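> Pasting the sequence and the predicted coordinates here, then a few questions.
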Amino acid sequence: MLEMRGINKSFPGVRALQKVDFTLRAGEIHALMGENGAGKSTLIKVLTGVYTKDDGVINLDGQQNVKIHSPQDAQKLGISTVYQEITLCPNLTVAENMYIGRGKGVITKWRKMNADADKILKKLDIPARATQQLGTCSIAVQQMVAIARAVDMDCKVLILDEPTSSLDEQEVEKLFGLMRDLKALGVGIIFVTHFLDQVYEVCDKITVLRDGQLVGEYEIKDLPRVKLVAKMLGKEMDDLSDIKSEHSLYDGPDADTQVFEAEKLCSNAGIKPFNFHIKKGEVNGFTGLLGSGRSECVRAIFGADHVISGKVKMNGRPVRIRNPLDAMKKGIAYLPEDRKNDGIIGDLSVKENIILALQVMKGFFKPFTKAQASAFADEYIKKLNIKTASADTPIKSLSGGNQQKVILARWLLMHPEYLILDEPTRGIDVGTKVDIQKLVLELASGGMSVTFISSETDEMLRTCSRLIVMRDRKVVGELSGEDLTQNKIMSTIAGGE
């Protein structure tokens with residue numbers, strides 16, 4: 001169905017793809033794997049006409065050396081894409097989003113469009129109406145609408161770029177069922193994900209990229225997980241279960257000090273009043289299913305949502321945190337769940353994004369000198385191994401994992417007493433995940449308190465010594481010691497505390 005041969009693509013200072021080959025057969029689900037910055041997104045953007053390749057050949061469904069100069073060209077050829085970041089218009093209706101850019105004339109037949117959209121939504125069991133404004137739908141439903149739009153375009157090649165990062169287990173299963181149906185109809189599917197379990201559940205083949213080059217193409221049965229990770233990283237993988245044992249617990253004289261305490265804290269985001277505390281050098285976390293209220297709890301702690309009741313103490317003393325600036329002044333830092341909307345400022349450089357929080361604390365009328373800003377940026381680019389052409393590169397041109405490291409650098413530069421990380425490893429590669437987990441434990445062993453939130457339970461178990469379990473926007477349990485097991489977490493979430 002698809003053959004890409006010798007694809008090259010360069011950007012100023014960066015060789016993104018070097019002689020990459022990729023083959024996709026009809027009725028095949030093919031995983032495209034690699035670390036952030038490996039070239040996966042660039043290859044997809046070349047295939048979909050977002051970028052123009054420097055060299056190479058693309059053959060599609062019997063047509064030799066097809067020219068793809070724009071996403072419209074790709075759509076006409078039967079190539080549909082669903083990106084990780086939802087590329088729809090929240091101010092338009094669901095139907096308008098599904099059919100935008102596809103009208104053949106100036107007159108739109110609204111009734112027919114809405115009826116067709118409702119038919120597709122019903123067929124795919126998506127809980128949305130054609131006339132509903134997209135912005136009123138949850139992120140998960142918006143992602144499903146994006147998939148419905150792609151599927152309805154009579155596609156030969158469907159590209160799913162991290163489509164499951166915002167979906168819960170039931171929605172993932174629904175998507176997999178849809179993918180299998182399309183496979184049976186002869187559609188070739190390119191599946192990009194960082195969830196290894198999902199690759200082995202639904203894919204037939206795997207192509208691995210590393211540093212913009214092809215590592216190899218493999219049958220799923222011939223590539224066990226450990227070997228896949230080794231090929232992605234270019235080295236044998238450390239046993240993840242040993243991460244915790246590599247770092248000693250904080251054992252200073254103030255190890256029992258409660259750095260932050262909250263009593264009956266409640267915000268306008270709909271969470272029930274909750275109690276919470278964290279000790280110096282401790283890593284704890286909020287766990288629960290999607291929508292359980294994990295993020296709302298930490299947003300209340302940081303003052304990102306309006307707090308309507310409750311008391312807060314820092315190091316035993318009552319404090320008031322009405323907004324994020326209050327929290328920052330008290331030594332609290334927060335890496336948000338949605339890095340695109342709440343974390344990065346895309347048009348600013350890596351350097352400007354790194355110094356942003358410290359500059360806010362200092363005041364905008366007292367700017368850092370160019371030399372100071374460069375020294376701060378260079379220190380953390382090196383410390384966190386951020387892959388960027390230079391400190392002056394716009395952050396939006398970095399891969400997702402490297403953007404995440406830049407936001408982390410921004411907060412570490414403030415040397416906070418208490419660091420909150422909400423989904424710091426979502427949508428990033430295995431290698432960067434391990435780096436961030438190790439960094440969290442390293443910071444804690446040095447005395448920093450860290451609250452860590454992740455949708456991946458095994459990641460929480462590797463990093464946290466205590467977990468607060470959420471269900472339906474309220475705290476339903478707290479686990480530590482021998483109770484820190486997958487089974488215990490699931491039974492607590494299910495109601496068997």
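Nice, I can see it.
> Please count neighbours and contacts with C-alpha atoms only from this point.
OK.
> least trustworthy helix or strand in the chain by mean pLDDT?
Using mean pLDDT, DSSP states H and E, helix 225-233 stands out as the lowest-scoring helix or strand of the chain, at a mean of 76.
> C-terminal to that helix, what's the next element?
Of the helices and strands lying after helix 225-233 in sequence (DSSP states H and E), the nearest is strand 258-267.
> in the following helix or strand past that following strand, what's buried?
Remark: after strand 258-267, the chain's next helix or strand is strand 274-279, criterion DSSP H and E. Within strand 274-279, the residues that qualify as buried by neighbour count (16 or more other Cα atoms under 10 Å) are 274, 278, 279.
> about what we covered before: CA atoms only: put the least confident helix or strand of the chain into CSV for me.
The C-alpha atoms that make up helix 225-233 are tabulated as CSV, following Å, rounded to 0.1, in the frame of the first residue of the first chain:
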residue,chain,number,x,y,z
ARG,A,225,9.6,-5.9,24.6
VAL,A,226,13.1,-5.9,26.2
LYS,A,227,14.7,-6.0,22.7
LEU,A,228,12.3,-3.3,21.4
VAL,A,229,13.3,-1.0,24.2
ALA,A,230,17.0,-1.8,23.7
LYS,A,231,16.7,-1.0,20.0
MET,A,232,14.9,2.3,20.7
LEU,A,233,17.5,3.4,23.2
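> between the buried residues of strand 274-279, which is nearest residue 397?
Using Cα to Cα, residue 278 is the member of the buried residues of strand 274-279 that sits closest to residue 397, with 36.4 Å.
> What's the per-residue pLDDT of the closest one here?
Predicted confidence (pLDDT) for residue 278: 95.
> I'd guessed it sits against residue 284; true?
Yes: counting by Cα atoms under 8 Å, residue 284 is a contact partner of residue 278 at 7.2 Å.
> all strands of the stretch 101-250 of the chain, in order?
Along the stretch 101-250 of the chain, the segments classed as strands by DSSP state E, counting those that start in this stretch run 157-161, 188-192, 205-210, 213-219.
> Quick one: closest of those to residue 121.
With respect to residue 121, and counting by Cα to Cα, the nearest of the strands of the stretch 101-250 of the chain is strand 157-161 at 18.0 Å.
> What's the mean pLDDT across that closest one?
Strand 157-161 shows a mean pLDDT of 92 in the predicted model.
> That strand to strand 188-192, inter-axis angle?
Angle of strand 157-161 versus strand 188-192, following axes from the mean of the first three to the mean of the last three Cα atoms, to 10 degrees, is 10 degrees.
> Distance from strand 157-161 to the middle of the chain?
Here strand 157-161 shows a centroid-to-chain-centroid distance of 18 Å under the convention Cα atoms, centre = their mean, to the nearest Å.
> how distant is stretch 122-134 from the center of its chain?
Here stretch 122-134 is found 25 Å from its chain centre; the criterion is Cα atoms, centre = their mean.
> Now that stretch: buried residues?
Buried residues in stretch 122-134, counting neighbours by 16+ other Cα under 10 Å, are found at 124, 126, 128, 129, 130, 131, 133, 134.
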